[in-house]
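Peer 1: I need the structure of the sequence given here:
(chains A and B)
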There are 2 protein chains.
Amino acid sequence: MIIVKVGGSVFSDKKGEPENFDHETVGNIAKEIAKFYPHEDFIIVHGGGSFGHPEAKKYGIREGLPEDWDTANFKRIGFTETHQAMLRANANFIKVFVREGLPAFSVSTSSVFITENGEVAYGDMEVVERLLELRFIPVLFGDVSIDLAKGIDILSGDQIITYLAKMLGPDKVIFLMDVDGIYDGRPGEGRLIQNLSREEIDSLLERLQCTAAGTDVTGGICNKLEEAKKIAEHSEVWFVNGKVPGRLSGAIRGDGFGTRISG
Amino acid sequence: MIIVKVGGSVFSDKKGEPENFDHETVGNIAKEIAKFYPHEDFIIVHGGGSFGHPEAKKYGIREGLPEDWDTANFKRIGFTETHQAMLRANANFIKVFVREGLPAFSVSTSSVFITENGEVAYGDMEVVERLLELRFIPVLFGDVSIDLAKGIDILSGDQIITYLAKMLGPDKVIFLMDVDGIYDGRPGEGRLIQNLSREEIDSLLERLQCTAAGTDVTGGICNKLEEAKKIAEHSEVWFVNGKVPGRLSGAIRGDGFGTRISG
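Peer 2: This is a model prediction of the structure:
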């Protein structure tokens, strides 16, 4: 079983119009997956891009639910608006996958996960596991979450994947990005790292000065590397360019171009 | 806590255009609920109307998943299409409720319930319970379901409500219909029954000749009465006209016009 994360920047331009969706890129991703399904099982997890992030920021979802009733209700409304925006992104994914004959099925992240300070505290895997048994392709997404500590929070696609990897033990986790993989420096600059062992991640995190939080609400490349370190305990991890046709197939086969992290 | 079921025929005309939605009626329902929230807690469950039913029928979802790969994949696609249609109905509800300042939050039924021959076999109440604690209004809906016996099936809104009533013990369950309540005869004909005890339901089922299945994929009034009998073990049950402004409020207050079933 292979888990594919489609980063927000792959299917959507965060600086573009609200809720813009790159149908061509997602169509190519679906076509590549269709070449391997049903021989191979897949779970898809996608990020927010121009869908979830603007609402999450506007309403300050990550700050949690305050005591004051009016402010809390404003945030409750924001919580539901953010989820609906993510469902609209998700509906685009389902439509494109179905067009390629793939039985992609939407699982609402916020219906099955509960967080504690943004980390998964509880995840009901019952439906996801049975969908896989029945040869569906479950599609989850970064979403709002009920949070045991703060009332409400955001659960990123990357953290969902860490949890899924731990619970389901996939053969491979593939992160699709808008760059060619992990760089020894800023993305697009420096040298692309083609092979990285789990042990080398810490020193890379240091070289990339990954001490502060990332640039978007769910963290950037530093956050990804932190999650990759955890995932690599359970699975091979790939980072490849999701905008370039063929790169996903290469990672699925195992001879592709990008960054491969071995456990 | 009050559970309100909005029947498919209340918000949508099954004989009309595909996916037609009666914004005015749902707006009135939301306005009435807004008069009682947050003093009173609510869960909303809605049916399919012109959204879920056409797909569910077209693909024969209730027949389950067959052995043959091609037929099974056709049904898998239908399963996901039916869910997406229900999510579109649900998105309309959320939008109308949010416009009235209500923090209605979508919970995907198929993400938290598993059935066995169409009856709830497993339901994860974790998120619904915490949403209520945080003063959200969870909104669930009749949906497709992973089924332990048949692979896939349909879970009706009425059956969800029976399960929620058993697990959460609401003060009241209110069914909104497109008629004034339960009739001693065909709906709209015969005499409206204003008070009915739980013990009288069996003889009414007999008088209504409720032996065959209902007329839509989730059963008609006979199915509703069967579920009401189970719900009345845990809660007072009301059947009122959801198309007539004020009737819902009457049922919430307890002095309304319609059918009241006492346990």
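Peer 1: so A:His234 sits in a strand?
Peer 2: No. With DSSP: H, G, I helix; E, B strand; the rest coil as the criterion, A:His234 is assigned coil and is not in a strand.
Peer 1: grab the nearest non-local neighbour of it.
Peer 2: A:Ala165 (4.6 Å; CB to CB, 6 or more residues apart in numbering or on different chains). The way it works is simple: take the backbone N, C-alpha and C, and place the C-beta from them, glycine included.
Peer 1: any low-confidence regions in chain A?
Peer 2: A:186-189, A:211-220 (pLDDT under 70).
Peer 1: quick check, central residue of it?
Peer 2: Centroid-nearest residue in chain A, with CA atoms, centre = their mean: A:Gly157, separated by 3.1 Å.
Peer 1: A:His83 against B:Ser106, yeah?
Peer 2: Yes. A:His83 is in contact with B:Ser106 according to CB atoms under 8 Å; the separation is 6.2 Å.
Peer 1: neighbour count for the two, which is higher?
Peer 2: A:His83 (25 against 22; other CB atoms under 10 Å in any protein chain shown).
Peer 1: quick check: closest non-adjacent residue to the more buried one.
Peer 2: According to CB to CB, 6+ apart, the nearest residue to A:His83 is A:Val144 (5.1 Å).
Peer 1: need the phi and psi values for the one you found.
Peer 2: Main-chain dihedrals, A:Val144, degrees, to the nearest 10: phi -70, psi 160.
Peer 1: list the contacts for it?
Peer 2: Neighbouring residues of A:Val144 by CB atoms under 8 Å, 6 or more residues apart in numbering or on different chains: A:56, A:61, A:79, A:82-83, A:86, A:110, A:152-155.
Peer 1: inside helices: which ones of these?
Peer 2: In this view, those that belong to helices under DSSP state H are A:56, A:79, A:82-83, A:86, A:110.
Peer 1: hey, what's in contact with both of A:His83 and B:Ser106?
Peer 2: Common neighbours of A:His83 and B:Ser106 (CB under 8 Å, 6+ apart) are A:Ser108.
Peer 1: on that earlier part again, ok, the residue nearest to A:His234 - contacts?
Peer 2: A:Ala165 touches A:3, A:173, A:230-231, A:234-235, counting by CB under 8 Å, 6+ apart.
Peer 1: what residues are up against A:Arg99?
Peer 2: A:Arg99 neighbours (CB under 8 Å, 6+ apart): A:27, A:30.
Peer 1: about what we covered before: show me what the residue nearest to A:His83 is bridged to.
Peer 2: A:Ile154 (DSSP bridges).
Peer 1: and it, how far from A:Ile114?
Peer 2: 11 Å (CB to CB, to the nearest Å).
Peer 1: then A:Leu131?
Peer 2: Note on A:Leu131: its distance to A:Ile114, by CB to CB, is 20 Å.
Peer 1: A:Ile77 now?
Peer 2: 20 Å.
Peer 1: same deal with A:Gln159?
Peer 2: 12 Å.
Peer 1: more neighbours, those two?
Peer 2: Between A:Gln159 and A:Ile114, counted using other CB under 10 Å, the more crowded position is A:Gln159 (24 against 19).
Peer 1: buried sites along the helix or strand containing the more buried one?
Peer 2: Using DSSP states H and E, A:Gln159 falls within helix A:157-168. Buried residues in helix A:157-168, counted by 16 or more other CB atoms under 10 Å in any protein chain shown: A:157-165, A:168.
Peer 1: between these, which sits nearest chain B?
Peer 2: A:Ile160 (13.1 Å; CB to the nearest CB).
Peer 1: that closest one contacts A:Leu140, doesn't it?
Peer 2: Yes. Here A:Ile160 reaches A:Leu140: they are 5.7 Å apart, a contact under CB under 8 Å.
Peer 1: what sits in contact with each of those two?
Peer 2: Joint contacts of A:Ile160 and A:Leu140 (CB under 8 Å, 6+ apart) are A:45, A:109.
Peer 1: follow-up on the earlier one: tell me which two of the contacts of A:Ala165 sit farthest apart.
Peer 2: A:Ile3 and A:Lys230 (13.2 Å; CB to CB).
Peer 1: in the stretch 151-263 of chain A, which residue sits nearest chain B?
Peer 2: A:Gly151 (5.6 Å).
Peer 1: follow-up on the earlier one: put the alpha carbons of the helix holding A:Gln159 into PDB.
Peer 2: Extracted C-alpha coordinates of helix A:157-168, given in PDB (Å, rounded to 0.1, in the frame of the first residue of the first chain):
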ATOM      1  CA  GLY A 157      -2.000  16.600   5.900                       C
ATOM      2  CA  ASP A 158       1.600  15.700   6.900                       C
ATOM      3  CA  GLN A 159       0.600  14.800  10.400                       C
ATOM      4  CA  ILE A 160      -2.300  12.700   9.200                       C
ATOM      5  CA  ILE A 161       0.300  10.800   7.100                       C
ATOM      6  CA  THR A 162       2.600  10.200  10.000                       C
ATOM      7  CA  TYR A 163      -0.400   8.700  11.900                       C
ATOM      8  CA  LEU A 164      -1.500   6.600   8.900                       C
ATOM      9  CA  ALA A 165       2.000   5.300   8.400                       C
ATOM     10  CA  LYS A 166       2.300   4.200  12.000                       C
ATOM     11  CA  MET A 167      -1.100   2.500  12.000                       C
ATOM     12  CA  LEU A 168      -1.200   0.900   8.600                       C
END
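Peer 1: thinking again about what came up before, mutual contacts of A:Gln159 and A:Ile114, please.
Peer 2: By CB under 8 Å, 6+ apart, the residues touching both A:Gln159 and A:Ile114 are A:Val120.
Peer 1: residues in contact with A:Gly123?
Peer 2: So A:Gly123 contacts A:112-114, A:163, A:167 (CB under 8 Å, 6+ apart).
Peer 1: starting at the chain centroid, how far to the helix holding A:Gln159?
Peer 2: On the basis of CA atoms, centre = their mean, to the nearest Å, helix A:157-168 sits 9 Å off its chain's mean C-alpha point.
Peer 1: which outside residues touch the helix or strand following it?
Peer 2: Where DSSP H and E defines the elements, the next helix or strand beyond helix A:157-168 is strand A:172-177. Applying CB under 8 Å, 6+ apart, the contact partners of strand A:172-177 are A:2-7, A:9-10, A:29, A:158, A:161, A:165, A:187, A:224, A:228, A:231, A:235-242, A:247-248, A:251-252, A:254.
Peer 1: can you tell me which of these are in strands?
Peer 2: Using DSSP state E, A:2-6, A:236-241 are the members of these that sit in strands.
Peer 1: my guess is A:Ile2 meets A:Ile252, correct?
Peer 2: Yes. A:Ile2 is in contact with A:Ile252 according to CB under 8 Å; the separation is 6.3 Å.
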